[in-house]
Structures are given as structure tokens and as C-alpha cells.
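Visitor: Any chance you could fold what I've pasted below:
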Amino acid sequence: ILIVDDDESTRKSLSLILNKKGFESVSAGSGKEALEEAGKGIFHIAILDVRMPDIEGFDLFKPLKSLHPDIDLILVTGFASVETAAQALHEGATAYITKPIQMEKLLKTISEITVKQRLIFEKQRIERDLIYERNLFNTFLENIPDAVYFKDRNARFVRVSESLAKLFGTTTVNIIGKTDRDFFPEDLAARKLQNDISMMESGTPIISKEEQDITNEDIHRWFSKTKLPWKDPDGSIIGMFGLSRDITARKAAEEALKEGERKYSEKLEHLVEDRTREVHQALSDTEQARDRIDGILKSVGEGIIVTD
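Guide: Residues are numbered from 1 along each chain as shown. Okay, here's the model as predicted:
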């Protein structure tokens with residue numbers, strides 16, 4: 001609290017009482033000194049005497065407000081009049097108090113201002129938090145490569161990512177309020193709608209389910225889909241949200257790998273068959289050679305050699 005009064009005893013009395021009540025206060029004996037002190041710190045309330053030797057209390061309103069836009073001004077005067085009170089309130093004073101100062105009235109005024117300021121500061125904090133969180137969420141939806149969406153209980157889109165809009169070949173604004181029937185063939189859209197409603201009714205999430213969809217260019221693509229119930233703070237399901245990841249390239253790679261494995265397996269089978277035939281032929285040749293050797297040995301034993 002900034003106390004501005006050219007009467008030293010008044011400054012000391014106010015400072016002493018306010019400090020005992022738990023407030024931090026700074027005193028100034030002139031308008032110039034008040035502006036110097038105001039530039040050094042943060043003030044939420046200023047108690048201003050109307051009549052001072054250099055700058056009147058009214059003339060401090062604008063410079064104090066420029067330094068501290070949210071400051072509340074309490075004007076104090078020993079020359080009470082309806083015109084002065086009206087002027088003070090018109091020019092931005094929060095309250096108008098006459099001298100001699102009734103401390104009970106001043107403390108009540110300060111207490112009311114403090115409560116009001118706390119509510120204002122809390123409201124501003126909440127607004128800042130909401131803006132920050134909204135910016136985070138918008139940044140997420142604008143940049144994530146996966147298709148993200150939120151739907152109400154009737155499966156109407158309420159928020160979507162830029163990537164989903166691109167997949168549908170339109171804008172995010174044009175998707176809001178519509179359903180899958182506006183973007184897919186009827187039979188496919190009907191299945192999607194039934195699946196979404198069933199998930200919302202059961203509350204059971206669907207995690208990484210792989211399905212094939214038709215894009216706006218009539219191209220069949222594979223997606224890994226995750227869907228979860230959207231709940232309000234009381235836990236009631238008010239819709240759903242989901243994420244679809246394009247896995248067409250992965251599926252193509254898997255198919256290519258399977259095809260490669262199939263060809264390798266066939267090649268290996270042919271190789272085994274060839275080697276088996278070679279082994280069988282070698283065994284047959286060996287058997288024939290052994291028979292010939294046996295015949296030669298038998299002829300030698302009989303003293304007769306037979307040649308071709």
C-alpha cells in the first residue's frame with residue numbers, strides 16, 4: 001500500500017496500523033516522492049491526500065495508473081464536498097474518505113478492495129491458464145501428423161486435427177458438425193457409426209485396431225485406430241475421441257517382407273530338392289560301383305577277368 005500525505009503524523013499512524021494488520025506499506029510526503037516510490041515496486045492500493053504542496057491527489061491518478069494499471073486509489077480529504085467526491089469517483093478513485101480518518105471505515109474499505117483484487121487476479125490467472133492450454137491444444141491439433149478427432153454422442157465431429165482435414169480433402173471448419181456419412185461411402189460410414197456408438201455405450205476403449213479405409217482420392221489405405229470415451233468431470237460419457245495413424249507404408253513393407261520370405265522359402269525348397277536328388281544320384285552311383293567291384297573280385301577269385 002502506498003500512503004501519500006504531506007502530514008507526517010498521518011503517514012506514521014496509517015503505516016503503523018496497516019503494518020499491524022499484515023499489510024506492507026510505503027510512505028511518501030509529496031506527489032513527486034509518491035511517483036518515485038511507485039516506480040520502485042509493485043503497489044495494489046494507494047491512499048492519496050487531495051491537498052499536497054506540489055501535486056494534488058487528483059493529478060496522481062493517471063501517472064499511478066500508468067505505472068500500476070490494476071492499482072486501486074483511495075482519496076482522502078479534509079475538505080469534503082459532494083462535488084469532490086463525485087470528481088474522485090469519476091476520475092477513477094475506488095473510494096473517497098474524509099478526515100479525520102475513521103480507521104474502522106478505512107480498514108473495511110481496504111479489506112473490500114483486497115477481496116475484489118484477489119478475485120480479479122484469480123480470474124486473470126484462470127484466463128491466462130485457459131489461453132495457454134488452448135494454445136497448447138491448438139498447436140497439437142495443427143501439427144500432429146496422425147488424424148485426431150473428437151465426436152459428440154451422435155458421432156458428430158466437434159474438433160479435428162489439420163491432418164484429418166487434409167485426409168478428408170477439406171478444412172477443419174467444414175468438418176465440424178458432420179459425421180462419417182459426409183466423407184465415406186454409405187456402407188463403410190454405417191459400420192463406422194455403429195462401431196463408434198457401441199464404443200460409447202460400452203465405454204470400452206479400442207486400442208490400435210488395424211482397418212482399411214478409403215481416402216477422399218478413392219485410395220485404400222491402412223490405419224491403426226485408437227478410440228476412447230470422452231467423459232465430463234462427473235465421469236459421464238459425452239462423446240469420444242480418437243487417433244488414426246496411417247500404416248499403409250508399414251503394411252506394404254510387411255507384405256514385401258512376407259513375399260520375400262515366401263520366395264526365399266521356395267528357393268530353399270528347390271535347393272534342398274536339387275541337393276537331395278544329387279545325394280540320391282551319388283548314392284546310386286556308389287551302389288553301382290560297389291556292385292561292379294564285387295563282380296570283379298568274384299571273377300578274380302575264379303581266375304577269370306571279364307572286361308567290357
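Visitor: Could you use CA atoms for every contact and neighbour count after this?
Guide: Noted.
Visitor: can you list the weak-confidence ranges in this protein?
Guide: 79-86, 88, 215-218, 301-308 (pLDDT under 70).
Visitor: by contact count, what packs against the helix ranked longest in it?
Guide: Ranked by residue count and defined by DSSP state H, the top helix of the chain is helix 248-302. Counting contacts by 3 or more CA pairs under 8 Å, 6 or more residues apart in numbering; DSSP states H and E, helix 248-302 packs against strand 220-231.
Visitor: Can you check what angle separates the longest helix of the chain from strand 220-231?
Guide: 130 degrees (axes from the mean of the first three to the mean of the last three CA atoms, to 10 degrees).
Visitor: distance between helix 248-302 and the chain's centre?
Guide: Distance of helix 248-302 from the chain centroid (CA atoms, centre = their mean, to the nearest Å) equals 63 Å.
Visitor: Could you do stretch 240-258 as well?
Guide: On CA atoms, centre = their mean, the centre of stretch 240-258 falls 25 Å from that of its chain.
Visitor: which residues touch that stretch?
Guide: 146-153, 155, 196, 200, 221-231 (CA atoms under 8 Å, 6 or more residues apart in numbering).
Visitor: One more: stretch 198-207?
Guide: 153, 225, 226, 227, 228, 229, 237, 239, 240.
Visitor: buried sites along it?
Guide: 199, 200, 203 (16 or more other CA atoms under 10 Å).
Visitor: I'd like the residues you listed written out as CSV, with distance to residue 165 and secondary structure added.
Guide: Shown next, in CSV, are the buried residues of stretch 198-207 (distance: CA to CA, whole Å; DSSP: H, G, I helix; E, B strand; the rest coil):
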residue, distance to residue 165, secondary structure
199, 23, helix
200, 23, helix
203, 26, coil
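Visitor: now the helices: where do they sit in this protein?
Guide: Taking DSSP H as the criterion, the chain carries its helices at 8-20, 31-38, 61-67, 82-90, 103-143, 162-168, 172-175, 186-202, 248-302.
Visitor: Could you identify which of these is most buried?
Guide: helix 162-168 (a mean of 19; mean count of other CA atoms under 10 Å).
Visitor: could you say what helices and strands it packs with?
Guide: Using 3+ CA pairs under 8 Å, 6+ apart, helix 162-168 sits against helix 103-143, strand 147-152, helix 172-175.
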